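Asker: My questions concern the predicted model and sequence given below.
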Amino acid sequence: QVQLVESGGGLVQAGDSLSLSCAASGRTFTDYVMGWFRQAPGKEREFVGVVNRGGLLYYADAMEGRFTISRDNAKNTVYLQMSDLKPEDTAVYYCAAPFSWRSWPPVTYDYWGQGTQVTVSS
């Protein structure tokens, strides 16, 4: 059973930076491709970016620049560093992992964390 646990969310002001973490367990972490998503109130879930076990990154066009994904395989943890946050970044942020994948970036994600709330005030 794969478990993903996000942490690090909170209330910040516009222009602030925030780093989220996602701790993974249940499988060899280096096997994981790890993705980040977000869902704002009343909106569909949105892809942020993904990192493979070797550190290869892919970001959604709208996320590139202010969002940085990294991973620490020794800690079984993936990070999402967000800078210059805006009120429209307010959302629940999720990490996710696919069971398997054939394309890059992966299309389907099978394991999801519970999410962590990020609220950006203006």
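Answerer: Perfect, I can see it now.
Asker: now the helices for this protein?
Answerer: Shown for the chain, no helices are assigned by DSSP state H.
Asker: these two touch, right, residue 77 and residue 20?
Answerer: No. The pair residue 77 / residue 20 is not scored as a contact, 10.3 Å apart, by C-beta atoms under 8 Å. In short, each C-beta sits where N, CA and C put it, glycine included.
Asker: Apart from its neighbours in sequence, what residue is nearest residue 55?
Answerer: residue 71 (6.8 Å; C-beta to C-beta, 6 or more residues apart in numbering).
Asker: What number of residues are in the vicinity of the residue nearest to residue 36 when sequence neighbours are not counted?
Answerer: Among residues not flanking residue 36 along the chain, residue 48 sits closest, at 4.1 Å (C-beta to C-beta, 6+ apart). If you count neighbours by other C-beta atoms under 10 Å, residue 48 ends up with 23.
Asker: OK, contacts around residue 63?
Answerer: Listed by C-beta atoms under 8 Å, 6 or more residues apart in numbering, the contact set of residue 63 reads 48, 49.
Asker: gap between it and residue 22?
Answerer: The gap separating residue 63 from residue 22 is 16 Å, by C-beta to C-beta, to the nearest Å.
Asker: beta partners of residue 36?
Answerer: Beta bridges link residue 36 to residue 49, residue 95, judged by DSSP bridges.
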